[in-house]
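Student: Give the three-dimensional model of this entry:
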Amino acid sequence: MKILTPRKIGCCFGVNRAVKLTEEALSRGVPAYINGELVHNDTITRKLSERGLTEIKSIDEVKDGTLIIRAHGISPAERAKVDAKRIEIVDATCPIVRQAQVAAKKIEEEGYQVVIVGDKSHAEIKGILGHLKNEALVVSSPREIDPSKLRNKVGLIFQTTHSIELCREVVAEVMKVSHEIKIVNTICADIRKRQEDAVKLAQKTGLMIVVGSHHSSNTIKLKKLCQKYNDNTIQIERAKDLDPKRFKGIKSVGIIGGASTPDILIEEVKKRLKSISKK
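Tutor: Next up, the predicted model:
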């Protein structure tokens, strides 16, 4: 059984940076807290927890020590609340996410209605919305667009990990209604390349494996994208999730990982597949 993977795989720059900053903070031996997960990967979350990182439900719980700001970022209002505590802050916000926050604020100041293509409930979107004075329109697909809510002058940005194909479809729908449109491409270059690699692998393999957390937005989108080109697509979190029966008669397998999927998990999957192939 042939096993194919992209040349570049594993965690993206933003995730690696966030993990490094958090590990450095934990090495100082001071109590460290985080409001939510640093990134959406159970393996990373568990390892950081074992090293002493405490997950909290509200920043109001932090009285001392260090507060880690997750990779998805926070709103200015939340940041002001944190700054008022006079505790140590480690800002692990992904630089690409920060660029999206700045872009949203700028197009609003230029008089455009801000339309964000992304998942309303995602932490990154909530952080971006917090940078705006007015209410923005958030849609995850063209089906969610209500023409009556679109103004003549629209500024579009995208969740940094959103599906490129869906973003294009949303832009096409907005063009049917609005006459002046400004587009700021805030999709992460790593995510774009990952999605391109996923399509290539899905088209030439008998089975496609997407490795990553089931609550990781970009991993879920990778799975849906692969399914579009290969019906025989599965998503797993770890190598132990593989069912040997699924590979009967399969001659080639493609593996792609989410932006927060560590290299070690990919290697474990490859090792497991080689074992299955020999039986």
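Student: what domains does the record give for the chain?
Tutor: Domain ranges of the chain: 2-10+190-278, 13-93, 96-187, per automatic domain parsing.
Student: Put together TSV for these, with mean neighbour count and mean pLDDT on each row.
Tutor: (Glycine included, C-beta is placed from N, CA and C.) Converted to TSV, the domains of the chain look like this (neighbours: other C-beta atoms under 10 Å; pLDDT from 0 to 100):
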stretch	mean neighbour count	mean pLDDT
domain 2-10+190-278	18	95
domain 13-93	17	95
domain 96-187	18	96
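Student: Surely N185 touches F158?
Tutor: Yes. Using C-beta atoms under 8 Å, N185 makes contact with F158 at a distance of 6.9 Å.
Student: what's the closest non-adjacent residue to A32?
Tutor: Computed as C-beta to C-beta, 6 or more residues apart in numbering, the closest residue to A32 that is not its neighbour in sequence is T66, at 4.5 Å.
Student: Dihedrals phi and psi, the one you found?
Tutor: T66 adopts backbone torsions of phi -120, psi 140, taken as degrees, to the nearest 10.
Student: Dig out what it forms beta bridges with.
Tutor: Per DSSP bridges, the residues bridged to T66 are A32, E88.
Student: other SSEs contacting the strand or helix carrying Q101?
Tutor: Here Q101, judged by DSSP states H and E, is contained in helix 95-109. Helices and strands touching helix 95-109, as assessed by 3 or more C-beta pairs under 8 Å, 6 or more residues apart in numbering; DSSP states H and E, comprise helix 13-26, strand 113-117, helix 123-129, strand 153-158.
Student: Make CSV from the ones you listed and add distance to P76 to it.
Tutor: CSV is the format used below for those (distance: least, C-beta to C-beta, whole Å):
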stretch, distance to P76
helix 13-26, 20
strand 113-117, 15
helix 123-129, 9
strand 153-158, 17
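Student: Nearest to I276, out of these?
Tutor: Nearest of those to I276, taken as C-beta to C-beta: helix 13-26 at 28.5 Å.
Student: on contacts alone, who are the packing partners of that closest one?
Tutor: Using 3+ C-beta pairs under 8 Å, 6+ apart: helix 13-26 touches strand 32-35, helix 42-50, strand 66-69, strand 88-91, helix 95-109.
Student: Just checking: what are the partner strands of the helix or strand following the second one?
Tutor: It refers to helix 42-50. The helix or strand immediately downstream of helix 42-50 is strand 53-56, counting by DSSP H and E. The strands beside strand 53-56 in its sheet (DSSP bridges) come out as strand 32-35 (parallel).
Student: How far does the partner strand sit from its chain's centre?
Tutor: In terms of C-alpha atoms, centre = their mean, to the nearest Å, the centre of strand 32-35 is found 20 Å from the chain centre.
Student: Distance of K133 relative to C94?
Tutor: Using C-beta to C-beta, to the nearest Å, one gets 24 Å for the distance from K133 to C94.
Student: okay, the helix holding Q101 in PDB with CA atoms only?
Tutor: In PDB, the C-alpha atoms belonging to helix 95-109 read as follows (Å, rounded to 0.1, in the frame of the first residue of the first chain):
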ATOM      1  CA  PRO A  95       0.300  37.100  13.700                       C
ATOM      2  CA  ILE A  96      -1.900  36.200  10.800                       C
ATOM      3  CA  VAL A  97      -5.000  36.400  13.000                       C
ATOM      4  CA  ARG A  98      -3.800  39.800  14.200                       C
ATOM      5  CA  GLN A  99      -3.500  40.900  10.600                       C
ATOM      6  CA  ALA A 100      -7.200  40.000  10.100                       C
ATOM      7  CA  GLN A 101      -8.200  42.000  13.100                       C
ATOM      8  CA  VAL A 102      -6.300  45.100  11.800                       C
ATOM      9  CA  ALA A 103      -7.800  44.600   8.300                       C
ATOM     10  CA  ALA A 104     -11.400  44.400   9.700                       C
ATOM     11  CA  LYS A 105     -10.900  47.600  11.700                       C
ATOM     12  CA  LYS A 106      -9.400  49.400   8.700                       C
ATOM     13  CA  ILE A 107     -12.100  48.600   6.200                       C
ATOM     14  CA  GLU A 108     -14.700  49.700   8.700                       C
ATOM     15  CA  GLU A 109     -12.900  53.000   9.200                       C
END
